[in-house]
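Peer 1: can't give you the sequence, but here's the structure:
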C-alpha cells in the first residue's frame, strides 16, 4: 500500500513538470474548478491511495509495527490525553478507569493481569499495564516507554488494620510499602513524563488520612504519610496539579474484608459507591486549566 502511495507521488511530481499537465491535474476532481467527477491521472492515483490508507478496513499491518511509546499504542484516538490508573483491576481504581475512558486513553495498572484484561475489554481506548508496584526493576521497565503522561492516579492500596498493641512490624511494613513507597517510586519514575505534559497526579487517600481512629494505627499512619507526600509534591512541582482525594468508607472488596474483621454485618447502603469516588476524580481531572483542586473530601450519606 505504501509502495503504491510513493509511486503515485512520483507520478504526480512528474506530471507537474508541464504547466498544462499541472493545470489539468488541479482542474479535475471535486476540489477543482472543472466539472465534478473523480480526479484523473497522477493526482487521482495519489488521492485514491491516500483514501485507502485512511479507510477503516485498510490493512493495518501495511503501516508497519506499532511503536513502543504508549502515547501511540492505546487505541486509535491518539489525540486524547493519556492517564495511568493503578489498582485498576477492581474497586475504586476500576471505577476511575471507566470514568476517565470517554476523555482519555487509559493504562490499567495492577498485578492481576487477568482482571486487567477483563477491564480492558470493556474500555476500547485502554490497555493493561501489569506491574508489581513494589518491584523496582519491574517499575523501571514499565515506566520506560511512557514519554508523556497527562494523568497519574494512585488508587492501589492495602489495609492492614490493628491496634498498636496487637499490630506486627509486618502490618506496618505492608501498609507503608504499598500505600506510600509504591506511590513515591512510580511518581519519581514518571515525573519527566508528567512534566512534559504539565500533568496531574491524583492520590486516592482515605478519611483515615485526616483522622486516626482507634484500631487503625498502621493504616492511618501510611495515609498520613502519603498525604505529606502529595503536599510536598504539590509545592515542589508547581507546573503539575496534585490532588488528594479523601473518600470515606467505600463499598469495595477491601471494605468487606475490614467489616468482616470487625465482626459486623455488611450493608452496602452505608458506604460510598466506587463510582461516586470516580466522579470526584473526573471532576478534578477535567477542571479548567486555571483551577487546581488540591483536596477533595467525600463522606457517605444515608439516603434511605
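Peer 2: Good, I have the coordinates. Here the structure is a predicted model, which means the values were calculated and not measured.

Peer 1: Surely residue 91 touches residue 254?
Peer 2: Yes: look at residue 91 against residue 254 with Cβ atoms under 8 Å: they come within range, at 6.6 Å. For every residue, glycine as well, the C-beta is placed using N, CA and C.

Peer 1: who has more neighbours, the two?
Peer 2: Between residue 91 and residue 254, residue 91 has the larger neighbour count (other Cβ atoms under 10 Å), namely 21 against 17.

Peer 1: residues in contact with the more buried one?
Peer 2: When the contact criterion is Cβ atoms under 8 Å, 6 or more residues apart in numbering, the partners of residue 91 are 155, 250, 252, 253, 254, 274.

Peer 1: Please apply the same query to residue 245.
Peer 2: Contact analysis of residue 245 by Cβ under 8 Å, 6+ apart lists 202, 203, 204, 205, 277, 280, 281, 284, 295, 296, 298.

Peer 1: does it sit in a helix, a strand or a coil?
Peer 2: Following DSSP: H, G, I helix; E, B strand; the rest coil, residue 245 is assigned to strand.

Peer 1: Check the gap between it and residue 226 for me.
Peer 2: In this view, residue 245 and residue 226 are 11 Å apart by Cβ to Cβ, to the nearest Å.

Peer 1: what do you get for residue 82?
Peer 2: 23 Å.

Peer 1: got it, and residue 91?
Peer 2: 17 Å.

Peer 1: Also residue 206?
Peer 2: Using Cβ to Cβ, residue 206 is found at 9 Å from residue 226.

Peer 1: Find residues that contact each of these two.
Peer 2: Common contact partners of residue 206 and residue 226 (Cβ under 8 Å, 6+ apart): none.

Peer 1: give me the number of residues near residue 137?
Peer 2: 8.

Peer 1: who's in contact with it?
Peer 2: With contact set as Cβ under 8 Å, 6+ apart, residue 137 has no partners.

Peer 1: what do residue 245 and residue 226 both touch?
Peer 2: Counting by Cβ under 8 Å, 6+ apart, the shared contacts of residue 245 and residue 226 are 203, 205.

Peer 1: quick one: the helices in the protein?
Peer 2: For the chain, the helices defined by DSSP state H cover 2-15, 19-27, 41-54, 70-73, 91-100, 113-122, 136-143, 169-176, 182-197, 217-236, 253-262, 274-285.

Peer 1: worst average pLDDT in the ones you listed?
Peer 2: Mean pLDDT per stretch puts helix 41-54 lowest among these, at a mean of 36.
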